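In: my questions concern the predicted model and sequence given below.
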Amino acid sequence: MIRYVVGITGGSGAGKTTLIRHLYGEFPDQVSTFSLDNYYLPKSQQRTDENGEINFDLPTALDIPAMELDLKRLLSGETVQHKQYAFNHPDATTPDVIIEPRNLLVIEGIFTLYYPFIRDKLNYSVFIEVNEEEQLQRRLKRDLEERNYTHDQIMYQWENHVKPAYRQFVLPYRREADLVLNNERGFEYDLSELLNVIHQNIDSTEGSSSRRETNGGSSSSGQ
């Protein structure tokens with residue numbers, strides 16, 4: 001049974017995955033992750049820019065109906081299974097992602113706070129911020145090593161897709177997050193507030209999945 005839902009957002013390379021690893025370490029066998037990255041539409045269904053390049057950094061790049069359905073099923077207590085998205089590796093064989101309903105559900109992705117159907121399900125939200133130069137260096141390292149992109153492709157995406165999308169679709173939700181974490185030098189010593197909130201809600205016998213009942217921060221409004 002899911003007792004608490006935390007949303008984690010921030011720009012590319014902000015450190016969402018690193019934060020989730022901390023949560024798995026703090027709450028062993030109690031965490032499930034719902035990653036928006038696994039819901040990207042096929043390239044044939046993606047929008048292209050004026051130069052014919054696919055722009056993956058738009059909210060329309062994800063399969064919204066599939067995300068909404070899987071999240072609804074998960075929150076109702078069902079186990080969800082879907083394909084893992086293989087970034088820029090069209091011939092890769094990837095195992096299915098299986099998400100079980102556990103005490104703590106973490107929803108993560110750059111558009112976590114953008115979609116109303118996700119915002120409305122959150123008990124608590126975290127926005128991770130990092131300066132743009134640090135984000136770029138992290139993105140370069142990841143996409144060169146893991147996602148089969150060239151340096152020129154990464155820089156084109158950064159300047160034409162990533163930065164504009166971040167400023168339009170991600171950054172405005174910083175003010176709506178319950179907690180803002182700075183991860184320029186690592187946030188190992190800034191997690192106490194987040195960890196305390198989660199402990200209070202999943203260690204008790206009263207746990208709740210209602211945002212109105214459990215979230216002491218401001219509620220999110222639609223855009």
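Out: Cool, got the structure. Bear in mind that the values here come from a model prediction, so they are computed numbers and not experimental data.

In: which ones are touching Pro164?
Out: By C-beta atoms under 8 Å, 6 or more residues apart in numbering, the contact list for Pro164 reads Asp57. C-betas here are computed from N, CA, C, even on glycine.

In: quick one: it is in a helix?
Out: Yes - when DSSP: H, G, I helix; E, B strand; the rest coil is applied, Pro164 is found to be in a helix.

In: what's the neighbour count on Val80?
Out: Neighbour count for Val80, taken as other C-beta atoms under 10 Å: 18.

In: wouldn't it be in contact with Lys72 here?
Out: No - under the criterion of C-beta atoms under 8 Å, Val80 lies out of contact with Lys72, with a separation of 9.7 Å.

In: what helix or strand does the nearest residue to Arg102 once chain neighbours are set aside sit in?
Out: Once flanking residues are discounted, Arg102 sits nearest to Ser32: 4.5 Å by C-beta to C-beta, 6 or more residues apart in numbering. If you go by DSSP states H and E, Ser32 is part of strand 31-35.

In: quick one, longest helix in this structure?
Out: As far as residue count goes, and with DSSP state H defining each element, the longest helix of the chain is helix 132-145.

In: outside of the helix or strand that that helix is followed by, which residues touch it?
Out: Per DSSP H and E, the first helix or strand lying C-terminal to helix 132-145 is helix 151-157. Applying C-beta under 8 Å, 6+ apart, the contact partners of helix 151-157 are 53, 56-57, 139-140, 143-144, 149.

In: if you count neighbours, what's buried in helix 151-157?
Out: Within helix 151-157, the residues scored as buried using 16 or more other C-beta atoms under 10 Å are 154, 156-157.

In: turn these into a markdown table, columns for pLDDT.
Out: Converted to a markdown table, these look like this (pLDDT from 0 to 100):
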| residue | pLDDT |
| --- | --- |
| Ile154 | 92 |
| Tyr156 | 95 |
| Gln157 | 93 |
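
In: in JSON lines: the residues you listed, plus distance to Ala61.
Out: Converted to JSON lines, those look like this (distance: C-beta to C-beta, whole Å):
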{"residue": "Ile154", "distance to Ala61": "17"}
{"residue": "Tyr156", "distance to Ala61": "16"}
{"residue": "Gln157", "distance to Ala61": "12"}
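
In: return the member of the residues you listed nearest to Tyr124.
Out: Of all those, the one with the least separation from Tyr124 (C-beta to C-beta) is Gln157, at 30.9 Å.

In: does Val106 sit in a helix, a strand or a coil?
Out: Recorded secondary structure, Val106: strand (three-state DSSP).
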